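**Q** predicted structure and sequence below. I'll ask about it afterward.
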Amino acid sequence: MRTLKNKEELSEMRHILRPFLFFFVLFFFSCRSEIQEFPSTPGTIEVKSGNSFIIFLKENHARGENWLVVKDFESSRIKYLGSNYHGQSSGRTDFIFSSGEPGETVIQFNLLAYGEVIKNQKVKVTVK
């Protein structure tokens, strides 16, 4: 059995395995529901109860930026499944959710640069 010798090898393994996990989650949820994609524009989105959806946000790792989801939304309405970054130094992060009970809730995302919040964005989600 091979052991990881340092943090660089562990980081490399994470980058290799992350796309597989992302596609597994997409495949698993696409087998039972429709997946909707939404760009990073703030406002209101509508999703059907029981479906999965993705909100994607652009970020620039060269400037130390990364988006984080603030998990203070109503968990009965939506469930956060994970995220996946696409790109090298500049790209986008897909935040994957599944919808639950009908109603409304708000998801807040914070953009961090070198550990400091520089921007936040809220998306109102209506589950039908």
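**A** Done, it's in.

**Q** I figured Ile55 hits Val123, correct?
**A** Yes. Using CB atoms under 8 Å, Ile55 is in contact with Val123, at 6.0 Å. Backbone N, C-alpha and C define where each C-beta goes, glycine included.

**Q** quick one: which of these two has more around it?
**A** Taking other CB atoms under 10 Å, Ile55 and Val123 do not tie; Ile55 has more neighbours (24 against 20).

**Q** can you tell me how far that one is from Glu74?
**A** 16 Å (CB to CB, to the nearest Å).

**Q** what's the answer for Phe97, then?
**A** 12 Å.

**Q** which of the two has more neighbours?
**A** Per other CB under 10 Å, whichever of Phe97 and Glu74 has more neighbours is Phe97, with 25 against 15.

**Q** could you pull up the residues touching the more buried one?
**A** Ser52, Phe53, Ile54, Ile55, Ile78, Lys79, Tyr80, Leu81, Ile107, Val125 (CB atoms under 8 Å, 6 or more residues apart in numbering).
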